[in-house]
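Chemist: Sequence plus predicted model, see below.
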Amino acid sequence: GVPVLLHMALAYDRPRLIVNVICSQAVAQRREFSRARRPQRRAFHHTKRKFMNTAELDGSLDAALQAATAAKFVLLTFGNSAIKDHLLNFVYHARSVGVAHVVGAVDIDAFNLLAAQQTPVYKTPLALVSYQMDGANSHSSGSWKRFAAMRTGEVARVVNLGYTVMHSDTDVVWLRNPAPYIMCTEAARAGEFSSASRFPCAPLQFADVACSSDNMGPSRAVGGGAAYHAAGTFNSGILLFRPTREGRRFASAWHASVAAPPRSSRFYGKTSDQQVFNAMVRRERQWPGVGGRRGEWLMRRLHEEWDGNLTLGVLPLPLFANGHGYFVQAAHHRLGVLPFCVHATYSLDWHDGLAKAQRFREAGLWAVDPPEYFHGRFLALNWSEPPAVRARIEGAPRAPLATKTRGGHSAARTPYHIGTHGAALQSYLGELRDALALARALGRTLVLPRWRCYCDRLWAGSDNILAMGCMYPGSQDAPFLPFECPMDHVLSPHDWHAAGIPYRDASFLASPRLPPEMATGIVDLEISADVRSFDALPSERRAKAVPAGLTATALAKVLERSSAASRAPILRLPHSRGLVCGIGSESSTRHFNEVARKLLHAPPWCSRCQRGCARMLEKWLTPEQIGTRSRGEWCLRTPPPAPFRYGQCVLNNAQADT
């Protein structure tokens, strides 16, 4: 309550804040925001707001704000029709959790699309001119800079209208309403975000601006507070601005420094609004250039221009999760926290909208697939631990999971290292070859397994992940190996998309949008060692079994003769090790091998390799696997599965101890 807020204002020696405290009881009189909860996943078009008339949206910002909220807290995002799926996904989740939101349309098509969905949307200045994003992934592109200048200006505009603004990228999924925490409502102060909690909301009330983090340690963030967050890059994809005098001034200065920085300023030449934001608050030629204390959530030392003139807060990493903490570490499960949102940062492959959509889809957070996506005939492949991997784990010395080395944590005393991971990747590709061959012979769409990874993966070999226990540097203090790995750790979603080969990921089978007749119609197949074993099975088991070691064409005929299997919408294999021996005809073999060559290759796994790295690799890999290093970088290149040969039996290598 008020006494707690007065104590905090005095502790931070900020007389301005004491004035805010006097009015703090007015905050409690605002309408209470509904309790946040995880929504049921429905099709997007079922979530239209009934109270809004599309005619109310005339393209103006005022109309969108009035349609969005009667309060003074709003999510604000921007996008054009080129990313319409991400815009629709953003809106779906924001609606589902009941958070007020406004979308700034960057082109007319985006405005028309969202207005038809009764979304609070308006036409940004760029929508009123002939502007197009050039699709460049680089923030240094000319069109991106125009976009950044526009959106920072629009953020400042809304803040200056008196709104508390949570600026959000469109590649953010909101899992629950952050408003009670941000506005520190009476219910929030008395409950989950009390002064005795891990994430008290009271300190954040004093922040004029608050930022999210690219740091890699959600566990460290709990106790580290402002001190931990200060040591990493602030991410402008989730930023909070309050309409205080200082908050308005900072938002306006951010826009000016992005849109038209003087040549003599420290912002000239910065390629993104994120770089400008960090440069504004951090002292020059120092790192981190901002100060904070453990257990606190407000910074105490900023750039000289803002020190004493701005209160900068941090949005706790466990509550405002980045992509690595959520999709890879699954830190929210370990910490027992339901984040407010997840930002699809640290995606791999091409790091673009397709890669991020795949991450969301695998996590059950992609709501815009059409209804027909959930209909059809499918062959699912279960994950099971490959024998080569099991042998490595069982044969590993029983010792602490990590031992200190000069470079940090070493994986030398744990079974979770690049040798185990390399064996897993090779086995996964081998099994995929056979599962894909059988799926195509059956005319079914392949459902990928939920793989387990034994080593994290970087974008490139820029860090010595080997010395960090095979975990992304910065995340190793809370070991998370092994983990359920996203598709882009094993395959390239872009290559599958470019090849036009349909597939589904493992979350497909658990989707609440899967029709009941599909979910209850799964037939689990049994794999017999050979034809003789298959023939010896009782008839009721044989109806749901296949013999290993035949061609894909022959296996398809076996399944088509079984009424139980042929009628099932979804067939599920326990594994596919040693399952398929060949394809069929010479032409079909040649065609499948060409398809497999495009799809079945693991991305290179790279790391800096210095200071004893070679000696570590020798413990886990063969000389052929180690190969050579280039300029201090080493990469593991997983061999593709063996191609089929017409007239020969070529079993996959998933059973071999590699």
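Modeler: Thanks, I have the structure now. Residues are numbered from 1 along each chain as shown.
Chemist: could you pull out the strands for the stretch 501-650 of the chain?
Modeler: Secondary structure of the stretch 501-650 of the chain, counting by DSSP state E, counting those that start in this stretch: strands at 503-504, 522-524, 526-528, 545-547, 550-551, 570-573, 580-582, 605-608, 633-636.
Chemist: Out of the ones you listed, the one nearest residue 363 is which?
Modeler: Among the strands of the stretch 501-650 of the chain, the nearest to residue 363 by C-beta to C-beta is strand 503-504 (14.3 Å). The C-beta positions use only the backbone N, C-alpha and C, and glycine is treated the same way.
Chemist: What pairs with that closest one, parallel or antiparallel?
Modeler: Partner strands for strand 503-504, per DSSP bridges, with pairing direction: strand 445-447 (parallel).
Chemist: Go ahead and confirm residue 465 touches residue 474.
Modeler: No. Residue 465 sits out of contact with residue 474 when judged by C-beta atoms under 8 Å, with a separation of 10.6 Å.
Chemist: neighbour-wise, which of the two wins?
Modeler: residue 465 (26 against 17; other C-beta atoms under 10 Å).
Chemist: tell me which helix or strand of this protein sits lowest on mean pLDDT?
Modeler: Using mean pLDDT, DSSP states H and E, the weakest-scoring helix or strand in the chain turns out to be helix 24-29, at a mean of 34.
Chemist: which ones are touching the nearest residue to residue 545 once chain neighbours are set aside?
Modeler: Spatially, and ignoring its direct neighbours in sequence, residue 545 is nearest to residue 526 (4.1 Å; C-beta to C-beta, 6 or more residues apart in numbering). For residue 526, the contact set (C-beta atoms under 8 Å, 6 or more residues apart in numbering) comprises 537, 541, 544, 545, 546, 574.
Chemist: at 10 Å what do you get?
Modeler: If a contact means C-beta atoms under 10 Å, 6 or more residues apart in numbering, then residue 526 has 534, 537, 541, 542, 543, 544, 545, 546, 573, 574 as its contacts.
Chemist: Same question for residue 434.
Modeler: 381, 548, 552, 555, 573, 575-581, 641, 644, 651-652, 654.
Chemist: again, only using 8 Å
Modeler: Residue 434 neighbours (C-beta under 8 Å, 6+ apart): 552, 576, 577, 578, 579, 580, 652.
Chemist: Am I right that the first one is in contact with residue 589?
Modeler: No. Residue 552 is beyond contact range of residue 589, at 9.5 Å (criterion: C-beta under 8 Å).
Chemist: Compare these two (neighbour count), which wins?
Modeler: Ranked by neighbour count (other C-beta under 10 Å), residue 552 and residue 589 place residue 552 first, with 26 against 22.
Chemist: Assign the residue nearest to residue 160 when sequence neighbours are not counted to helix, strand or coil.
Modeler: Distances taken as C-beta to C-beta, 6+ apart place residue 248 nearest to residue 160, at 5.3 Å, with adjacent residues excluded. Secondary structure, DSSP: H, G, I helix; E, B strand; the rest coil: residue 248 is helix.
Chemist: Just give me the neighbour total for residue 248.
Modeler: Neighbours of residue 248 using other C-beta under 10 Å come to 18.
Chemist: on that earlier part again, among the strands of the stretch 501-650 of the chain, which is nearest residue 254?
Modeler: Taking the strands of the stretch 501-650 of the chain one by one with C-beta to C-beta, strand 605-608 is closest: 34.7 Å.
Chemist: And the average pLDDT for the closest one is what?
Modeler: Strand 605-608 shows a mean pLDDT of 94.
Chemist: Could you export it as PDB, CA atoms only?
Modeler: C-alpha atoms of strand 605-608 as PDB (Å, rounded to 0.1, in the frame of the first residue of the first chain):
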ATOM      1  CA  TRP A 605      27.000 -27.300 -35.300                       C
ATOM      2  CA  CYS A 606      29.800 -24.800 -34.700                       C
ATOM      3  CA  SER A 607      31.800 -23.500 -31.800                       C
ATOM      4  CA  ARG A 608      34.900 -21.500 -31.000                       C
END
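Chemist: Could you double-check that residue 357 sits in contact with residue 86?
Modeler: Yes. Contact criterion C-beta under 8 Å: residue 357 and residue 86 qualify, at 7.1 Å.
Chemist: in stretch 342-354, what's buried?
Modeler: 342, 343, 344, 345, 346, 347, 348, 349, 353, 354 (16 or more other C-beta atoms under 10 Å).
Chemist: Pop out the phi and psi values for the last one.
Modeler: If I follow you right, that is residue 354. In terms of degrees, to the nearest 10, the main-chain angles of residue 354 are phi -60, psi -40.
Chemist: Then the first one?
Modeler: Per-residue torsions, residue 342: phi -130, psi 130 (degrees, to the nearest 10).
Chemist: same deal with the third one?
Modeler: Its backbone dihedrals place residue 344 at phi -80, psi 50, with angles given as degrees, to the nearest 10.
Chemist: any idea how far it lies from residue 365?
Modeler: Remark: distance between residue 344 and residue 365 (C-beta to C-beta, to the nearest Å) = 9 Å.
Chemist: Same question for the last one.
Modeler: Spatial separation of residue 354 from residue 365 under the definition C-beta to C-beta is 15 Å.
Chemist: can you check the second one too?
Modeler: With distances defined as C-beta to C-beta, the gap from residue 343 to residue 365 amounts to 12 Å.
Chemist: Can you show me the helices along the stretch 351-500 of the chain?
Modeler: For the stretch 351-500 of the chain, the helices defined by DSSP state H, counting those that start in this stretch cover 353-362, 387-395, 418-442, 493-499.
Chemist: Mean pLDDT and distance to residue 373 added to these, as CSV?
Modeler: Putting the helices of the stretch 351-500 of the chain into CSV (pLDDT from 0 to 100; distance: least, C-beta to C-beta, whole Å) gives the following:
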stretch, mean pLDDT, distance to residue 373
helix 353-362, 97, 10
helix 387-395, 93, 32
helix 418-442, 97, 17
helix 493-499, 97, 14
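Chemist: Would you mind finding the most buried of the ones you listed?
Modeler: helix 418-442 (a mean of 26; mean count of other C-beta atoms under 10 Å).
Chemist: which stretches of the stretch 301-450 of the chain have low pLDDT?
Modeler: 397-412 (pLDDT under 70).
Chemist: Report the contact partners of the residue lying farthest from the centre of the chain.
Modeler: When distances to the mean C-alpha position of the chain are computed (C-alpha atoms, centre = their mean), the maximum falls on residue 536, with 47.6 Å. Not one residue lies near residue 536 by C-beta under 8 Å, 6+ apart.
Chemist: measure it to residue 456 for me?
Modeler: Residue 536 is 45 Å from residue 456, by C-beta to C-beta.
Chemist: next one: residue 142
Modeler: 35 Å.
Chemist: just residue 631 next, same as before
Modeler: From residue 631 to residue 456 the distance is 22 Å (C-beta to C-beta).
Chemist: Show me which of those two is the more surrounded one.
Modeler: residue 456 (26 against 7).
Chemist: Quick check: phi and psi at the more buried one.
Modeler: phi -70, psi 170.
Chemist: Give the burial count for residue 585, as a bare number.
Modeler: 12.
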